[in-house]
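Undergrad: Structure for the following, please:
(one chain, ligands or ions: 1)
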Amino acid sequence: MNAAKPYQDDLEQCLTFVAAHLELPVSEAAVRAHRVGNESPLTPDGFIDAAERHGMVAALGEHTLATLGNSLLPAVALLKNGRAVVLIERINEERVALFDPALGKQPVETDVSALEEAYIGHLIAVRARYRPVSLHSEPAIQGGHWFWSALSSNRWVYTQVIIAAALTNFLGLATSLFIMVVYDRVLPNEAVESLVALTIGVSIALLFDFAVKTLRQLFIERAGQEADLRMGRRIFDHVLNLQMSAKRGSTGGFANTLREFETLRDFFASASLVAIVDLPFILLFIGVIYLIGGPLAIIPMIAVPLVLLIGIAVQPFLKRLSGQAFEESRSKQGVLIEAVAGLETIKASGAAPMIRKRWEESVHQQSNVGRKGRAIQQFALNATAFAQQAAQVSIVVYGVFLVGDGTISMGAMIACVILTGRALAPLAQLAQTMTRINQARTSYRALDQLMNMPSERPAGRHYLSRPTLEGKLRLQDVSFRYPEQTTAALANINLTIEPGEKVALLGRVGSGKSTLARLLLGIYPPEQGAVLVDDTDLRQIDPADLRHNIGSVLQEAWLFSGTVRQNIAIGAHHPTDEQILNAAKLAGAHEFIARHPKGYDMPIGERGEGLSGGQRQLICLARALLGAPPILLMDEPTSAMDIQTEKEVIARLKAASQTQTLVVVTHRTSLLELVDRVVILDQGQIVADGPKAQVMRPVEAAPHRSREGTTP
Ligand SMILES: Nc1ncnc2c1ncn2[C@@H]1O[C@H](COP(=O)(O)OP(=O)(O)OP(=O)(O)O)[C@@H](O)[C@H]1O
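TA: Predicted structure coming up:
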């Protein structure tokens, strides 16, 4: 195991210091909650990104320390070996006040010359972003619109694409003009020298055209890739911060919406975009046909609107089908994910025929929609091909008369045939392009809807920074109803738990115990009333700070694919091996981990595959205990354990959680050993609350209400 390197998070500490200095306090947990690659040190780019998320503006630049004035401060000076300090104030020519994470939390003064040796010449200047105070409006969306801002950040690339399109279209004229000149001038005069010169000229044009087209594709690909990274991250971040109350529908459907991002991205990195960019150049080709073929231009002038009309006429159908296809794909994905996730139960309970029926229905629906869409698209494609060929034949027929009466030359006629083909070429792709535009639009709408769902961490919102909590919990007139439910899961709950108090939440199945735990964790906000931690409304505390201070074991012991060590360390910041070991020992997980040949590097499959239910719970327990958080919230933490293991866990927990606030949801009387106070819920209301002995007496005296070994 690696021991945490002492300075590897200098930038992170510098960020929290600068933020506090600019009166925008933010805790390290909040900074980490946003970071990609939680385990690796913060990079200067990551620093700028994080500063922007927390209401600051930061910029990296080259600057000498000698000429650095107070107008640029505070700034983070980057030093050798990945170290960093915050320059706070230039006191005089020689001295500067700075914050050095290696020297503790207080600023110090030092000589500029002493700093010079370690300074690498780059610093990050930071200032608070100006935000006008408004009582009503929501803060502006930080970083702009998820889609349009990513697109507009690539506007220079798209400008290059348009310039490249103009160039290739101009160069596209070269072949037809070459053929015209050869027919009209070279052939009659047998001018071989002119032919050589013309051939060299047209070859250069063709090569140039090839190069520009290749570059154009590269530009588009690059723009697509950039948009991919920017949008992809924004979307995924939003999903991670989504308020649980906003999530609707099946998991598969939800995943499908996320997948739509690829349709959108592909559109902006595909040939379809090129086809759209080429459209205005149709006019150029018609203009050139008019210049060299005079009246012949009438033919493309008729053909182009005709083809466009066909393309536009099929639009409403394509649009509707694209919407339907999206819905069908959502429901198919929903069935698929549900089936894969519940495979074991499907087999055991004989649910296969039911699931198969659902699957077949959704496949059937989707293939119907697909078939209709393809038929319309093919019709439009055939009509376009027909119009293209008809136009070329018409040019030849009409051209024969014009050549006959000397209006145009033979070469001009042939050039016009080629140019008409080129003018109509982008339209040949129109039907396909339109289909993709429709798909992209449907995807955009679905994703935009997702991006507008409420987030736990709306951009630009500032929370109170509470890196450490004491552990007082309070629910004040709390009522809560799950989304789309008619009955309340909790009604008028008033409950105060003092720091260090040990409380059990008991109650029948569905009485609201887990819901109360979710509210305490801030996973759902209360519909009415307030949840307070240390007398501060939970909604004001940064969710990252809150969860950093609450070690929780949820009802479902969920593990992620990876190693045991990773699963225990999730959420903690660079825990040392000793801390991980202690947490595992305390939870009682160390024993079975140590028996495995790979120990803490034991691989775990998705959702904890490879481990028994009880083992999963032990790892979740170790995860909750890591770092000794001031509050422990456990929802049936021992439900999958045998009596002996549970006994040992209880004994160790009792010894280790002396000072912590403990809330334990349980059906088991054995866990009551851990608590002094018992709260009983029934139908979302508190029906009893008091010292354990007092509350449990009537329950124990009423055997008909409780099974042996279980609470009411
Ligand atoms: N995700 C959810 N969406 C909608 N309703 C829910 C959800 N979770 C729980 N409920 C409803 O809220 C009520 C309280 O559920 P809760 O899970 O809090 O009960 P509980 O006391 O923890 O039960 P158990 O002892 O079975 O775990 C139940 O009536 C249940 O139907």
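Undergrad: Give the closest residue to A385 in space, chain neighbours not counted.
TA: Of all residues beyond its chain neighbours, the one nearest A385 is A428 (6.5 Å), with distances taken as CB to CB, 6 or more residues apart in numbering. In this view, the C-beta of every residue, glycine as well, is placed from N, C-alpha and C.
Undergrad: Would you quantify the distance from that neighbour to H21?
TA: Using CB to CB, to the nearest Å, A428 is found at 62 Å from H21.
Undergrad: Same question for K692.
TA: As defined by CB to CB, K692 lies at a distance of 48 Å from H21.
Undergrad: Could I get the pLDDT score of S479?
TA: According to the predicted model, the pLDDT of S479 comes to 93.
Undergrad: partner residues bridging it?
TA: Q528 (DSSP bridges).
Undergrad: okay but it is in contact with E527, surely?
TA: Yes - using CB atoms under 8 Å, S479 is in contact with E527, at 5.4 Å.
Undergrad: Overlap of the contact sets of those two?
TA: A488 (CB atoms under 8 Å, 6 or more residues apart in numbering).
Undergrad: burial count for the residue of the stretch 251-400 of the chain found nearest the ligand?
TA: Nearest residue of the stretch 251-400 of the chain to the ligand: T251, at 12.3 Å (CB to the nearest ligand atom). Burial of T251, expressed as a neighbour count using other CB atoms under 10 Å, amounts to 13.
Undergrad: Renumber starting at 26 from here on
TA: All right, first residue 26 from here; so that's T276.
Undergrad: Could I get the contacting residues of it?
TA: For T276, counting by CB under 8 Å, 6+ apart, the contacting residues are 359, 362-363, 366.
Undergrad: Starting from T184, give me the distance back to it.
TA: When distance is defined by CB to CB, T276 is 41 Å away from T184.
Undergrad: Run through the stretch 426-575 of the chain and note the low-pLDDT ranges.
TA: 456, 483-487 (pLDDT under 70).
Undergrad: For it, just list every one of the helices.
TA: Shown for the stretch 426-575 of the chain, the helices assigned by DSSP state H, counting those that start in this stretch span residues 435-453, 455-476, 538-545, 568-574.
Undergrad: and the ligand, which of those helices is closest to it?
TA: Proximity to the ligand, assessed across these by CB to the nearest ligand atom, is greatest for helix 538-545 (3.2 Å).
Undergrad: Which other helices and strands does the closest one contact?
TA: Other helices and strands packing on helix 538-545, by 3 or more CB pairs under 8 Å, 6 or more residues apart in numbering; DSSP states H and E, are strand 498-505, strand 515-522, strand 527-532, strand 553-558, strand 656-660, strand 686-690.
Undergrad: does any part of it sit near the ligand?
TA: Yes - part of helix 538-545 sits near the ligand under the criterion CB under 6 Å from any ligand atom, namely 538-540.
Undergrad: Make a markdown table out of these and add neighbour count.
TA: A markdown table is the format used below for these (neighbours: other CB atoms under 10 Å):
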| residue | neighbour count |
| --- | --- |
| K538 | 27 |
| S539 | 18 |
| T540 | 23 |
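Undergrad: For V51, list the residues it contacts.
TA: Contacts for V51 (CB under 8 Å, 6+ apart) come out as 40-41, 44-45, 79, 490, 567.
Undergrad: Could you check which helix or strand contains it?
TA: Element membership for V51 (DSSP states H and E) is empty, with no helix or strand holding it.
Undergrad: what do you get for E218?
TA: Counting by DSSP H and E, the element that carries E218 is helix 217-266.
Undergrad: And the helix or strand where V313 lies, what does it pack against?
TA: In this structure, V313 is located in helix 306-318 according to DSSP H and E. Contact analysis of helix 306-318 by 3+ CB pairs under 8 Å, 6+ apart lists helix 180-196, helix 198-206, helix 323-338, helix 377-429, helix 435-453 as its packing neighbours.
Undergrad: hey, which of the ones you listed is tucked in deepest?
TA: Of all the helices and strands packed on helix 306-318, helix 435-453 carries the top mean neighbour count, a mean of 23, counting by mean count of other CB atoms under 10 Å.
Undergrad: okay, now L232: neighbour count?
TA: Applying other CB under 10 Å, I find that L232 has 11 neighbouring residues.
Undergrad: What's the per-residue pLDDT of it here?
TA: The per-residue pLDDT reported for L232 equals 89.
Undergrad: measure it to the ligand for me?
TA: For L232, the distance to the ligand equals 64 Å [CB to the nearest ligand atom, to the nearest Å].
Undergrad: distance of that residue from L544?
TA: For L232, the distance to L544 under the criterion CB to CB works out to 69 Å.
Undergrad: three-state assignment of the closest residue to I380 other than its chain neighbours?
TA: Beyond its immediate neighbours in the sequence, the residue positioned closest to I380 (CB to CB, 6+ apart) is A364, lying 5.0 Å away. Reducing the assignment to helix, strand or coil with DSSP: H, G, I helix; E, B strand; the rest coil, the entry for A364 is helix.
Undergrad: Tell me, what's the model's pLDDT at A364?
TA: pLDDT, A364: 87.
Undergrad: So it is in contact with M379, correct?
TA: No - using CB under 8 Å, A364 and M379 do not qualify as a contacting pair, with a distance of 10.1 Å.
Undergrad: hang on, the earlier thing: run the chain-centre distance for the helix holding V313.
TA: Per CA atoms, centre = their mean, to the nearest Å, the displacement of helix 306-318 from the mean C-alpha position of its chain is 47 Å.
Undergrad: neighbouring contacts of that helix?
TA: Contacts of helix 306-318 from elsewhere in the structure, counted by CB under 8 Å, 6+ apart, are 190-191, 194-195, 198, 202, 205, 321-322, 325-326, 329, 420, 424, 427, 433, 437-438, 440-441, 444-445, 447-449, 451-452.
Undergrad: thinking again about what came up before, now do the contacts for the residue nearest to A410.
TA: Residues counted as contacts of A453 (CB under 8 Å, 6+ apart) are 406, 409-410, 413.
Undergrad: ok, so of those residues, who is nearest R284?
TA: Of all the contacts of A453, R284 sits closest to L406, with 26.6 Å by CB to CB.
Undergrad: I'd guessed the closest one sits against T460; true?
TA: No - counting by CB under 8 Å, L406 does not reach T460; the two are 10.1 Å apart.
Undergrad: which phi and psi does L49 have?
TA: When quoted as degrees, to the nearest 10, the phi and psi of L49 stand at phi -130, psi 60.
Undergrad: one step back: output the helices and strands packed on helix 538-545 in TSV; the columns should cover distance to the ligand and mean neighbour count.
TA: Output for the helices and strands packed on helix 538-545, formatted as TSV (distance: least, CB to the nearest ligand atom, whole Å; neighbours: other CB atoms under 10 Å):
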stretch	distance to the ligand	mean neighbour count
strand 498-505	9	20
strand 515-522	8	19
strand 527-532	5	25
strand 553-558	15	19
strand 656-660	7	24
strand 686-690	6	25
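Undergrad: Quick check: which of those strands is nearest to N266?
TA: Counting by CB to CB, N266 lies closest to strand 553-558 out of the helices and strands packed on helix 538-545; the figure is 18.6 Å.
Undergrad: ok, P66 touching D34?
TA: Yes - at 5.9 Å, P66 and D34 qualify as touching, with contact defined as CB under 8 Å.
Undergrad: Name the residue in those two with the higher neighbour count.
TA: For P66 against D34, the residue with the higher neighbour count under other CB under 10 Å is D34, and the figures read 23 against 16.
Undergrad: Contacts for stretch 606-624 next, please.
TA: Residues from elsewhere that reach stretch 606-624, judged by CB under 8 Å, 6+ apart: 588-589, 593, 600, 625, 627, 640, 643-644, 646-652, 670, 673-674, 677-678, 681.
Undergrad: repeat that with 7 Å
TA: When contacts are defined by CB atoms under 7 Å, 6 or more residues apart in numbering, stretch 606-624 is touched by residues 589, 593, 625, 627, 640, 643-644, 646-647, 650-651, 670, 673-674, 677, 681.
Undergrad: Thanks a lot, see you next time.
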